[in-house]
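Participant: here is a sequence with its predicted model. Questions after.
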Amino acid sequence: MSSWWHRFSAGLREFYIAPYRRTFARAKRDEEDLFMMLVLSEALGVPNPASGVTLELLPEMLDRMHEWHTRQGLDHSPIEGFKCC
């Protein structure tokens with residue numbers, strides 16, 4: 001009985017989530033872009049009051065730097081001295 005219920009529940013979840021999957025993915029990407037902008041704001045020349053905290057996150061963000069700056073329409077990395085392309 002529980003196996004049937006789990007399959008039924010998964011089917012309903014897929015039925016309700018499937019039309020919004022693209023919207024959820026876009027919202028997640030937009031949120032990640034905003035977070036990336038916050039972390040990199042000091043390097044981009046925007047004053048950041050939380051720069052001490054976000055500086056710790058910079059090494060984690062550099063792995064995703066290339067895909068971020070191409071999504072933003074930048075040909076090259078906006079951080080001087082950091083070449084990702």
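Facilitator: Sure, I can see it. Numbering: from 1, shown residues only.
Participant: report the central residue of the protein.
Facilitator: Nearest to the mean C-alpha position of the chain, counting by CA atoms, centre = their mean, stands residue 32 at 2.5 Å.
Participant: contacts for the longest helix seen in the chain next, please.
Facilitator: For the chain, the helix reaching the highest residue count under DSSP state H is reported as helix 21-44. Contact with helix 21-44 is made by 17, 47-48, 50-51, 54-55, 57-58, 61, 64, 68, 71-72, 78-79, as judged by CB atoms under 8 Å, 6 or more residues apart in numbering. From N, CA and C alone the C-beta is placed, and that goes for glycine too.
Participant: sorry, back to before: what pLDDT does the residue nearest to the centre of the chain get?
Facilitator: Looking at residue 32, its pLDDT reads 89.
Participant: same question, residue 3
Facilitator: Per-residue confidence at residue 3 stands at 90 (pLDDT).
Participant: burial measure for it, as a count.
Facilitator: Residues near residue 3, counting by other CB atoms under 10 Å, number 7.
Participant: ditto for residue 30
Facilitator: Count around residue 30 with other CB under 10 Å applied: 11.
Participant: now residue 77
Facilitator: Other residues close to residue 77 by other CB under 10 Å number 18.
Participant: could I get the buried residue list for the lowest-mean-pLDDT helix or strand in the chain?
Facilitator: Lowest mean confidence among the helices and strands of the chain (mean pLDDT, DSSP states H and E): helix 51-55, at a mean of 74. Buried residues in helix 51-55, defined by neighbour count with 16 or more other CB atoms under 10 Å: residue 54.
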